[in-house]
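> just coords:
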């Protein structure tokens, strides 16, 4: 039996280029990722590191796939005694100036304390991205993020 994956989907009024920038630029990331930054060149094979607002390494990984304005996939090693999982950001243009962001976090071990910890953070991150791109600020709004466990 494989561990469930986490899937979050949101429709955002933006462009693929602006969403890509929000996902890969630390000026944006810091605003919606609880003050943290994700350092990377965002090129396939290169490292990625998640640093807290105090500069402490929180997680690390490797960029597994990177297609600007379309998709980025990276391993997610939470520095715990658990194998790394995988995160995928998928950008799909929609009609009428909308873009669909799908975040999938998968490849967890069957019993995963990391999965249990991150499942509550992803909806807040998705809502923060949406709010930032649509209004210019990160606000706490009722969630429009669709969450699925597969």
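Thanks, I have it. Predicted, not measured: the structure shown is a model, and the values here were computed from it.
> I am assuming residue 37 contacts residue 51, so please confirm or correct that.
Yes: at 5.0 Å, residue 37 counts as touching residue 51 under the criterion of C-beta atoms under 8 Å. (Glycine included, C-beta is placed from N, CA and C.)
> Tell me the helices and strands packed up against the helix or strand hosting residue 126.
For residue 126, the element it lies in under DSSP states H and E is helix 121-135. Helices and strands touching helix 121-135, by 3 or more C-beta pairs under 8 Å, 6 or more residues apart in numbering; DSSP states H and E, are strand 6-13, helix 16-24, helix 26-32, strand 98-106.
> got the contact list for the third one?
Going back to what we said before, that points to helix 26-32. 21-23, 36-39, 53, 125, 128-129, 131-132, 138 (C-beta atoms under 8 Å, 6 or more residues apart in numbering).
> Go again with 6 Å.
22, 37, 38, 125, 128, 129, 132, 138 (C-beta atoms under 6 Å, 6 or more residues apart in numbering).
> got the buried residues for the helix holding residue 126?
122, 123, 124, 125, 126, 127, 128, 129, 130, 131, 132, 133 (16 or more other C-beta atoms under 10 Å).
> Pipe those into a markdown table and attach distance to residue 107 per row.
Putting these into a markdown table (distance: C-beta to C-beta, whole Å) gives the following:
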| residue | distance to residue 107 |
| --- | --- |
| 122 | 15 |
| 123 | 20 |
| 124 | 22 |
| 125 | 19 |
| 126 | 20 |
| 127 | 24 |
| 128 | 24 |
| 129 | 22 |
| 130 | 25 |
| 131 | 29 |
| 132 | 28 |
| 133 | 28 |
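> Residue 20 versus residue 84, what's the distance?
24 Å (C-beta to C-beta, to the nearest Å).
> what's the burial count for residue 15?
16 (other C-beta atoms under 10 Å).
> so what's it up against?
By C-beta under 6 Å, 6+ apart, residue 15 lies in contact with nothing.
> sorry, back to before: pick the one among the buried residues of helix 121-135 closest to residue 112.
Among those, residue 122 lies closest to residue 112 (C-beta to C-beta), at 14.1 Å.
> got a list of what the closest one touches?
8, 103.
> tell me the secondary structure for residue 39?
Classification of residue 39 by DSSP: H, G, I helix; E, B strand; the rest coil places it in strand.
> quick revisit: now the helix holding residue 126: mean pLDDT?
Average pLDDT, helix 121-135: 95.
> Many thanks, have a good one.
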